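# whatever this is, show me its structure:
(one chain, ligands or ions: 2)
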Amino acid sequence: MEIMREITVTVNVNGIPVRAAVSPQESLLDFLRYRAGATDVKCGCNKGDCGTCTVILEDRAVKSCLVLAAQADNRRVWTVRGLEKDPLMQALQESFATHGAVQCGFCTPGMLLTAKNFLEHNPKPDRAEIKEAIAGNLCRCTGYKKIVDAIAAVAASRTGDRA
Ligand code: FES
Ligand code: FES
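Numbers count the residues shown, from 1 in each chain. Ligands and ions are numbered 1, 2, ... in the order given. Coordinates of the predicted model:
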């Protein structure tokens, strides 16, 4: 039986380089949680269905269970914890709280990162665009309306429009 060789990767996680020998099949999600200590990244389905493992890889929100750690070699990853001082992330967190968009909270880190990345690319979305943007992030608790309200309110406050 052929022995799968480990490969050494360095992923910049929230501004800190994390270097480790990994199997070629190791997911970015496992790398983040078990090697980088980024336990704010949650695992739900581990097969691309729920979006709770979402992180920002360079400039793109990705489901980290679907990305190999090796694909993130020499690249930057951001999780919610690393964006605590980011003004847009702070605005989203406050808005989620005031709109009741956090109930059990399991989907919340992934939702926040998807929303932040989305608003950076589309600062003035309509509700249909917001719904489409979060379509890959499942929430079992809120019915989505409160989440869309929260994101729309942040977009409106940044562009001077009314939500
Ligand atoms: S844990 Fe990655 S999409 Fe569900
Ligand atoms: S708040 Fe519970 S899954 Fe979204």
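
# domain boundaries for this structure, per the record?
Using automatic domain parsing, the domain ranges for the chain come out as 7-79, 85-159.

# do the first one and ligand 1 meet?
Yes. With Cβ under 6 Å from any ligand atom as the criterion, ligand 1 is reached by domain 7-79 at C43, G44, C45, N46, G48, D49, C50, G51, T52, C53, K63, C65. Placement of C-beta: from N, CA and C, glycine included.

# give me the number of residues near G143?
As a burial measure, G143 scores 10 neighbours (other Cβ atoms under 10 Å).

# so it lies in a helix, does it not?
No. The assignment for G143 by DSSP: H, G, I helix; E, B strand; the rest coil gives coil, which leaves it out of any helix.

# so D73 makes contact with V9?
Yes. Look at D73 against V9 with Cβ atoms under 8 Å: they come within range, at 4.1 Å.

# and these two? Which one has more around it.
V9 (23 against 14).

# and the more buried one, how far from ligand 1?
According to Cβ to the nearest ligand atom, to the nearest Å, V9 and ligand 1 sit 19 Å apart.

# so after the helix or strand hosting that residue, what's the next helix or strand?
Taking DSSP states H and E as the definition, V9 sits inside strand 7-13. Once the chain leaves strand 7-13, the next helix or strand it forms, by DSSP H and E, is strand 16-22.
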